[in-house]
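Undergrad: How does the following fold in three dimensions:
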Amino acid sequence: MVDRRYTQTSQSSRGGRAASLVIVALLLTLLIAASSAGATTLKEKFTRGSLPKGGLTVGNYYDLGPVATWGTAPYVLWTSGSMPAGMGVNEAGELAGVPAEAGTYRFTIHARDNAGQVGSLRYTLKVALAFRPLSIGTPVLYAGAWGAASEVVSGGSGWYSFSAKKVPPGMTVLTNGAEGGIEGVPTKAGSYTVTLVATDDVTGAKGDVRIRIRVSG
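TA: Numbering: from 1, shown residues only. Below is the predicted model:
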């Protein structure tokens, strides 16, 4: 003979456990939703600042503006990836500094505000080699006489290759370590704007400068 009271009690216990599991599952769902809401990505509210046309150059100071302008201050900022040496995020939350070495850098700036909201912003910065002129003003050369115009490049490995565009007839590219330019015997008088391009033989970083030359007859 089956004890009906035992059967009813067992069914009630199973029903109670099932209801408890449903409640636990609902609580977990609410907790996960709340956690996701607290970690809302606010990438669209980052500001990238205005990057100089043509990229950055070694040795110059740049202030690319504030990174985070959303949420509640103060912010916790950190970076990942490869950032140019000499640059960083300062206490004001601005990406600024003086890049020390040419190259292409890819990095991400992360931020978390006082309310726990987080965001990130990816950067790709190209830093060009810097040039220092060896002559002041516009070099004056003379047709039929040997002459040269050169500049010294910095911000790289020390091993460079040079090329030039719009070289005066009779002249060729000069390469002497970190010094590059043009040299030779110009054959035609006139005014020339030579574009000198330096390439770092180790890193592949580049830089260019315009040299204005006047060849007198």
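Undergrad: Any regions of the protein where pLDDT drops low?
TA: Low-confidence segments of the chain, defined by pLDDT under 70: 1-50, 68, 135-137.
Undergrad: residue boundaries of the helices in it?
TA: Using DSSP state H, the helices assigned to the chain run over residues 4-38.
Undergrad: residue closest to the middle of the chain?
TA: With distances taken as Cα atoms, centre = their mean, Leu125 lies nearest the centre of the chain, 2.5 Å away.
Undergrad: Skipping adjacent residues, who's closest to it in space?
TA: Leaving aside its sequence neighbours, Leu125 sits nearest to Tyr105 (Cβ to Cβ, 6 or more residues apart in numbering; 4.9 Å). For every residue, glycine as well, the C-beta is placed using N, CA and C.
Undergrad: my read: the residue nearest to the centre of the chain touches Pro84, true?
TA: Yes - contact status for Leu125 versus Pro84: in contact at 6.1 Å, counting by Cβ atoms under 8 Å.
Undergrad: hey, what's in contact with both of these two?
TA: Contact with both Leu125 and Pro84 is made by residues 56, 99, 105, according to Cβ atoms under 8 Å, 6 or more residues apart in numbering.
Undergrad: so how far is Glu151 from the second one?
TA: Separation of Pro99 from Glu151 (Cβ to Cβ, to the nearest Å): 19 Å.
Undergrad: just the first one next, same as before
TA: To Glu151, Leu56 is 19 Å away according to Cβ to Cβ.
Undergrad: how deep is Ala189 tucked in, by neighbour count?
TA: Using other Cβ atoms under 10 Å, Ala189 has 14 neighbouring residues.
Undergrad: residues in contact with it?
TA: Residues near Ala189 by Cβ under 8 Å, 6+ apart: 143, 215-217.
Undergrad: The same query, at a cut-off of 10 Å, please.
TA: Residues in contact with Ala189 (Cβ atoms under 10 Å, 6 or more residues apart in numbering) are 141-144, 168, 214-217.
Undergrad: Perfect, I'm done here.
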